[in-house]
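Visitor: Turn this into a model:
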Amino acid sequence: MANISASEVTRLQTTLRRLLGSPNLTVNPPPRAGLSVELAVAGEVIGTIHRDEDEGEVSYAVHITVLEEDLPPAK
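Guide: Got it, this is the predicted structure:
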């Protein structure tokens, strides 16, 4: 897993807030090397962001986890 720089964290947060329409979204750098960057909304972690570099091109994969217990009741 490639490290994400502080500049990338800021740029990702700005872009994801715009794309997802949520000013409460934050991109949190890992507390120590080797851990994932976290994606949170209103302080609740909802997923992770991973950086990939292949042949000089950089991309970011966002993995969002939704727990069944957080879904509204079935009708």
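Visitor: What segments of the chain are helices?
Guide: Ranges of helices in the chain, per DSSP state H, are 6-20.
Visitor: Can you pull out the low-pLDDT segments for it?
Guide: 1-2 (pLDDT under 70).
Visitor: Return the distance of the longest strand along it from the chain's centre.
Guide: Longest strand in the chain, counting residues (DSSP state E): strand 44-54. Mean C-alpha position of strand 44-54 versus that of the full chain (Cα atoms, centre = their mean, to the nearest Å) differs by 5 Å.
Visitor: what does that strand contact?
Guide: With contact meaning Cβ atoms under 8 Å, 6 or more residues apart in numbering, strand 44-54 is reached by 1-4, 8, 12, 27-28, 36-40, 58-66. Yep, even glycine has a C-beta here, placed from its N, CA and C like the rest.
Visitor: before we move on, what about stretch 11-29?
Guide: Stretch 11-29 has contacts (Cβ under 8 Å, 6+ apart) with 4, 6, 9-10, 37-43, 45, 49, 60, 62.
Visitor: Any quick PyMOL command for the buried ones out of the residues you listed?
Guide: Typed into PyMOL, the line below selects the buried ones among the contacts of stretch 11-29, using 16 or more other Cβ atoms under 10 Å:
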select buried, resi 4+9+37+38+39+49+60+62
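Visitor: and which of the contacts of stretch 11-29 is nearest to Ala74?
Guide: Val41 (23.4 Å; Cβ to Cβ).
Visitor: The closest one and Asn28, how far apart?
Guide: Val41 is 11 Å from Asn28, where distance means Cβ to Cβ, to the nearest Å.
Visitor: same deal with Arg11?
Guide: From Arg11 to Asn28 the distance is 14 Å (Cβ to Cβ).
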